[in-house]
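Novice: Here you go, sequence then predicted model.
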Amino acid sequence: MKLSMISDCWAHLDRETVFKKMQSYQIDGWEITTGNWSQAPHFDLDTFLHSRDEQKRLSEQLEQYELVIPALNCSGNPVHYPEHLEVTRKTFAAAQILNVKKIVMMSGLPAGCKEDQTPCWITTSWPPETQTILRYQWEDVLIPFWEDLTREAASYGIKRIALENHGFQLVYNVETLFKLRSAVGSMIGLNLDPSHMFWMDVDPISAARELGDAIYHVHLKDTRIENRKADCHGLLDTKTIDQFADRSWNYVAVGAGHDVTWWRTFLSTVYMQGYDDFFSLEMEDLTVDADTGVKWSMDTINQCR
C-alpha cells in the first residue's frame, strides 16, 4: 500500500518537523496543498515558482526523507473566483517543475445565473427554476470552463485531474463526475473521498465499483454519523465543523467512524478496480488534537497494510 499524507493538520509545525513525523509513520508520499481553500502551511507557491534556491531546498528535503509527491492539491472554486483560478494555473506550473502528473482539485460551482454573485448548489429537482439553474451551470459555464482548463493542464504535462466529491460543488458524486468526464474527456477522474459520501448517504464501496478506472486518487478520511442528532434533524447540517458536539455528523480520524473491516473492504474494492497509486491520509478530526488523530488513523490504516 502506497501511503501519502496531506500535512495541513500539522499547520503549526515547520516542514522539516512534519517530514520527520511522516517518516516515523512510514508515510511515503506528500500530497502538497498549494493554496485556495488550504492555507498551504508547508509550501509557498509563489516563492517556489520564483526561487531556484527554494526548489533545490525542497528537492533535497524530499530526498533526505525519502518522500515522493503523488499529487498537488489546489482545491477551491476556480469556476467562480478568479483568484482561485490563478492559484490553479500556478499549481500547474509548479507541477511541471516538480514533474508531478496529477492534480487534485474540485470541479467548482458557478452562480445560479449570469447576474448572480454567489455560487449556488442545487440539491433538489423542485421548484422548476432549479432546472434552469442547472442547465446554465452545466452548459453555459462548467463544461466550457473545463474544456479549456484540461487543454491548459495538458500543456504543462499533466495527465490526470482528480476531482474531489465534495459538497457545494457541481461534481459531488459518481453521476456528476461521469457527466463532466463524458463532456471533456478522460483527463478528468474522481478523487474518491469516502468521508463526503457518508453524509450524503452514499456507499463508498458501491461508488468505487461504479467508478472503475475513473478512480484517479483516494483520500483516507472518515465520517461519523452522530445518531442522536441525525435521527432528529437529518444530515443536512450547516453548523460549522468546530461545533462538533452539536452536529449531525463529523469528520473523524480513520477508524473512529467505520471499523477496520469496513476499511479493508473499501481498500480491497478500490484495488479490484485496478487502482495502484497512493492513498492519501487527510486528518480533519477536530474532536482531538492533531497528533492523536493521526495516531488513531494510522493504527487503523496499518491494520490494512
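Specialist: Cool, got the structure. Residues are numbered from 1 along each chain as shown.
Novice: contacts, neighbours, all on C-alpha from now
Specialist: OK.
Novice: So the closest residue to residue 29 other than its chain neighbours, which state does it fall into?
Specialist: Spatial nearest neighbour of residue 29, excluding adjacent residues (Cα to Cα, 6 or more residues apart in numbering): residue 4 at 3.9 Å. Assigned by DSSP: H, G, I helix; E, B strand; the rest coil, the conformation of residue 4 is strand.
Novice: do the same with residue 298
Specialist: Going by three-state DSSP: residue 298 is helix.
Novice: Touching, it and residue 25? I think so.
Specialist: Yes. Judged on Cα atoms under 8 Å, residue 298 makes contact with residue 25 at a distance of 7.5 Å.
Novice: in which helix or strand would I find residue 151?
Specialist: Taking DSSP states H and E as the definition, residue 151 sits inside helix 143-155.
Novice: quick one: buried residues of that helix?
Specialist: By neighbour count with 16 or more other Cα atoms under 10 Å, helix 143-155 contains the buried residues 143, 145-146, 149-150, 153.
Novice: Could you do stretch 50-65 as well?
Specialist: 55, 58, 62, 65.
Novice: how much space between the residue nearest to residue 29 and residue 28?
Specialist: 6 Å (Cα to Cα, to the nearest Å).
Novice: neighbours around residue 181, how many?
Specialist: 18 (other Cα atoms under 10 Å).
Novice: sorry, back to before: so for residue 4 and residue 28, which sits in the more crowded spot?
Specialist: residue 4 (28 against 21).
Novice: I figured that one was touching residue 282, is that so?
Specialist: No. Between residue 4 and residue 282 there is no contact, the gap being 9.1 Å when judged by Cα under 8 Å.
Novice: Please look at residue 222 and residue 260 and confirm they touch.
Specialist: No. The pair residue 222 / residue 260 is not scored as a contact, 11.5 Å apart, by Cα under 8 Å.
Novice: More neighbours: which of these two?
Specialist: residue 222 (28 against 18).
Novice: residue ranges for the helices of the stretch 151-300 of the chain, please.
Specialist: With helices called from DSSP state H, counting those that start in this stretch, the stretch 151-300 of the chain shows them at 174-184, 194-199, 204-211, 227-233, 260-272, 290-302.
Novice: export those helices to a markdown table and tack on mean pLDDT?
Specialist: Listed next are the helices of the stretch 151-300 of the chain as a markdown table, based on pLDDT from 0 to 100:
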| stretch | mean pLDDT |
| --- | --- |
| helix 174-184 | 98 |
| helix 194-199 | 98 |
| helix 204-211 | 98 |
| helix 227-233 | 97 |
| helix 260-272 | 98 |
| helix 290-302 | 98 |
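Novice: coming back round to it: what is the nearest of the buried residues of helix 143-155 to residue 185?
Specialist: Ranked by distance to residue 185 (Cα to Cα), these are led by residue 150 at 8.5 Å.
Novice: And the pLDDT at that closest one?
Specialist: If you check residue 150, the pLDDT there is 98.
Novice: residues contacting it?
Specialist: For residue 150, the contact set (Cα atoms under 8 Å, 6 or more residues apart in numbering) comprises 184, 187.
Novice: ok, it to residue 111 distance?
Specialist: 21 Å.
Novice: How about residue 140?
Specialist: 11 Å.
Novice: ok, back up a step: including distance to residue 162, could the helices of the stretch 151-300 of the chain go into CSV?
Specialist: Shown next, in CSV, are these (distance: least, Cα to Cα, whole Å):
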stretch, distance to residue 162
helix 174-184, 10
helix 194-199, 14
helix 204-211, 12
helix 227-233, 30
helix 260-272, 15
helix 290-302, 22
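Novice: Which elements pack onto the one helix or strand residue 60 maps to?
Specialist: Assigned by DSSP H and E, residue 60 belongs to helix 52-64. With contacts defined as 3 or more Cα pairs under 8 Å, 6 or more residues apart in numbering; DSSP states H and E, the packing partners of helix 52-64 are helix 45-50.
Novice: Tell me the buried residues in the helix it packs on?
Specialist: 45, 48.
Novice: So for that helix, mean pLDDT?
Specialist: Per-residue scores along helix 45-50 average to 98.
Novice: In contact with the residue of the chain positioned farthest from its centre, which residues?
Specialist: Distance from the C-alpha centroid of the chain, by Cα atoms, centre = their mean, peaks at residue 128 (31.8 Å). By Cα under 8 Å, 6+ apart, the contact list for residue 128 is empty.
Novice: likewise residue 85?
Specialist: Here residue 85 is in contact with 77-79 (Cα under 8 Å, 6+ apart).
Novice: Just want the phi and psi numbers for it.
Specialist: The phi/psi pair for residue 85 (degrees, to the nearest 10) reads phi -70, psi -40.
Novice: related to what we said a few turns ago, please work out the angle formed by the directions of the helix holding residue 151 and helix 174-184.
Specialist: Put simply, helix 143-155 runs at 70 degrees to helix 174-184, going by axes from the mean of the first three to the mean of the last three Cα atoms, to 10 degrees.
Novice: If anything else comes up later, I'll come back, but that's it for now.
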